[in-house]
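Enquirer: Generate coordinates for the sequence data below:
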Amino acid sequence: VGGYSGVGKSALVQAMRRPVASSGGKLIEGKFDQFHGDVPYSALLEAFKHLLRQVLSGDSAQLEQWRGRLREALGENASVVTDVLPELTLIIGPCPPAPELTSTAAQERFNAVFSDLLKTFASPQHPLIMFLDDLQWADFASLALIRHFVRNGRGTSMMLVGAYRDNE
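Expert: Presented below is the predicted three-dimensional model:
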C-alpha cells in the first residue's frame, strides 16, 4: 500500500482487524523507524512479539499445543530464533545452541527458521496477516527476510501487507 504520509494507509489495513479476527485469523504488525534503521528485523520482531504475547496469554492447554508445534517446526535450530525473540523461550523452554555455520549459511538458516516460525502460526483455520508499516525505512536484512517469506511462503495461509511512503 503506497501513498503520502497521512493518507490513511495504516487505517486501511487496521480496518481489516475485525473481519480477520471474526474469521479466526490474526493481524500482527510492526513498524520500521527511520531512526532505528541500523536495527535488523525491528518491525518483524515487533510483530512477532505481539503474536507471542497473545500465545502466552492463552490457557495452559493452548500453550502446551503451541509448545509442541513450535518445537517440532523449529527443531534443533530453535535457538536461532530465540536469540532474537526471547519471548519464544517462555513458550518452548530453553534451547541448546544451534550448530555454528559460516556467515552466509547462518543467514540462510536464520531466514529459513524464521520462515518456519511464521508458517507455524498460519493455518487455514487461523490465517495470519503480517502488516509492516513504513517499509521505506526497512534495513537490508529485513528486506532479505521478507523476500524469503514471499518466495517460500506459497501455499501457506499468510498474507504479507506492507505500507510505504511513495515519496520517500
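
Enquirer: make it CA atoms for all contacts and neighbour counts henceforth
Expert: OK.

Enquirer: Show residues contacting stretch 35-50.
Expert: With contact meaning C-alpha atoms under 8 Å, 6 or more residues apart in numbering, stretch 35-50 is reached by 28-32, 84-85, 87, 130-133, 137-142.

Enquirer: May I have the distance across that stretch, first residue to last?
Expert: In terms of C-alpha to C-alpha, to the nearest Å, the two terminal residues of stretch 35-50 are separated by 21 Å.

Enquirer: Let me see the ranges of the helices in this protein.
Expert: Applying DSSP state H to the chain gives helices spanning 9-14, 17-22, 42-56, 60-74, 78-82, 87-92, 103-121, 140-152.

Enquirer: roughly how far out does the last one sit from the chain middle?
Expert: To tie it back to what came earlier, the one meant is helix 140-152. In terms of C-alpha atoms, centre = their mean, to the nearest Å, the centre of helix 140-152 is set 11 Å apart from its chain centre.

Enquirer: then that helix to CSV, C-alphas only?
Expert: Provided in CSV are the C-alpha atoms of helix 140-152 (Å, rounded to 0.1, in the frame of the first residue of the first chain):
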residue,chain,number,x,y,z
PHE,A,140,18.6,-4.7,4.1
ALA,A,141,18.4,-7.8,6.4
SER,A,142,14.6,-7.3,6.9
LEU,A,143,14.1,-6.9,3.2
ALA,A,144,16.0,-10.1,2.5
LEU,A,145,13.9,-11.9,5.1
ILE,A,146,10.7,-10.5,3.6
ARG,A,147,11.8,-11.7,0.2
HIS,A,148,12.4,-15.2,1.7
PHE,A,149,8.9,-15.2,3.1
VAL,A,150,7.4,-14.3,-0.2
ARG,A,151,9.4,-16.9,-2.2
ASN,A,152,8.9,-19.7,0.3
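
Enquirer: Residues in contact with that helix: which ones?
Expert: With C-alpha under 8 Å, 6+ apart as the criterion, helix 140-152 contacts 40-42, 44, 111-112, 115.

Enquirer: Put together CSV for these, with pLDDT on each row.
Expert: Below are these laid out as CSV (pLDDT from 0 to 100):
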residue, pLDDT
Pro40, 91
Tyr41, 93
Ser42, 94
Leu44, 95
Asn111, 93
Ala112, 92
Ser115, 90
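
Enquirer: looking at the helices of the chain, which is buried most?
Expert: Most buried of these, by mean neighbour count (mean count of other C-alpha atoms under 10 Å): helix 78-82, with a mean of 21.

Enquirer: In stretch 22-40, which residues are buried?
Expert: Residues of stretch 22-40 classed as buried by neighbour count (16 or more other C-alpha atoms under 10 Å): 25-33, 37, 40.

Enquirer: End to end on that stretch, go ahead and measure it.
Expert: This stretch, stretch 22-40, spans 33 Å end to end (C-alpha to C-alpha).
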